[in-house]
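In: give me a 3D structure for the following:
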Amino acid sequence: MARGRAAGREAPVGLFTTLPILWNEADDVAGLLKPEDAPHWARSVLAQRGAISALDTLAGPGGRGPLDRLDRLVIAQPRPLSPDENVALDAWVRAGGRLLLLADPALTADSAFAVGDPRRPQAVVLLSPILSRWGLDLHFDDAQPFGERMGEVMGMPVPVNLPGRFATRGQDNCKLWGEGLAASCAIGKGRVIAVADAAVLDRDDPAGRRAKALNGLLDAAFVGR
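Out: Model (predicted):
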């Protein structure tokens, strides 16, 4: 971790995700970078916080890895973490890292790729090891109705669709919000804001309400105490 560095705009923001935020969904490199496709709105929101550092792994050889140079991190609908990545992420947070985690148990965003295609965003988040380490369980009610609605996280309206619910294991370092829609946790010297849905990052945002919600969540994770 970049110790002693102010978490201002000059500091990079890590992004670890399977969602098409930095690149287009496409079959080839040319399509990934096709300039005529409008960039995802969340890219500019994140860039306002600092240079975006895209990560494809959270762990590295010899106990060192990409998290060492970061103070702030967004993990949004990631692939399953390896054992080494779970250890690295936990150590990074406990050393003072600030994390916004969007963990959706039933992703509803559209994709250009068919179900089962490895290029498709992670449909069901699988983060039980690290959540358990932090004293959280993620539950999903498969009887709830489909459809976007506004949830509430720390007093902020956040769009959700088939969200999960967090539960704690009786510890006092985590607080639940919105009947478990989100959790704020003090982990060692660090802080985690976890949201059990990722609809806030859906590409369509004509009214800007997703951008407003994401900015609020970033403030809670990176600035709040």
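In: can you list the buried residues in stretch 201-212?
Out: Going by neighbour count (16 or more other C-beta atoms under 10 Å), the buried part of stretch 201-212 is 201-202, 205, 210, 212. (Glycine included, C-beta is placed from N, CA and C.)
In: helix or strand next in line after the least confident helix or strand in the chain by mean pLDDT, which one?
Out: The weakest-scoring helix or strand in the chain, judged by mean pLDDT, DSSP states H and E, is helix 29-32 (a mean of 50). Per DSSP states H and E, helix 29-32 leads on to helix 41-47 as the next helix or strand towards the C-terminus.
In: for that following helix, what is the average pLDDT?
Out: Helix 41-47 shows a mean pLDDT of 97.
In: and it, what does it pack against?
Out: Contact analysis of helix 41-47 by 3 or more C-beta pairs under 8 Å, 6 or more residues apart in numbering; DSSP states H and E lists helix 209-222 as its packing neighbours.
In: and the helix it packs on, how far out from the chain's middle?
Out: With C-alpha atoms, centre = their mean, to the nearest Å as the basis, helix 209-222 stands 11 Å off its chain's centre.
In: what's it packed up against?
Out: With contacts taken as 3+ C-beta pairs under 8 Å, 6+ apart, helix 209-222 sits against helix 41-47, strand 72-76, strand 98-102, strand 149-153, strand 156-160, strand 190-195.
In: just the CA atoms of that helix, as PDB, please.
Out: What follows is helix 209-222, C-alpha atoms only, in PDB (Å, rounded to 0.1, in the frame of the first residue of the first chain):
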ATOM      1  CA  ARG A 209     -29.100   9.100 -11.000                       C
ATOM      2  CA  ARG A 210     -26.600   6.100 -11.200                       C
ATOM      3  CA  ALA A 211     -23.700   8.500 -11.400                       C
ATOM      4  CA  LYS A 212     -25.000  10.400  -8.400                       C
ATOM      5  CA  ALA A 213     -25.400   7.200  -6.400                       C
ATOM      6  CA  LEU A 214     -22.000   5.900  -7.400                       C
ATOM      7  CA  ASN A 215     -20.400   9.200  -6.300                       C
ATOM      8  CA  GLY A 216     -22.100   8.900  -3.000                       C
ATOM      9  CA  LEU A 217     -20.900   5.300  -2.500                       C
ATOM     10  CA  LEU A 218     -17.300   6.400  -3.400                       C
ATOM     11  CA  ASP A 219     -17.500   9.200  -0.900                       C
ATOM     12  CA  ALA A 220     -18.700   6.700   1.800                       C
ATOM     13  CA  ALA A 221     -15.900   4.300   1.000                       C
ATOM     14  CA  PHE A 222     -13.000   6.600   0.400                       C
END
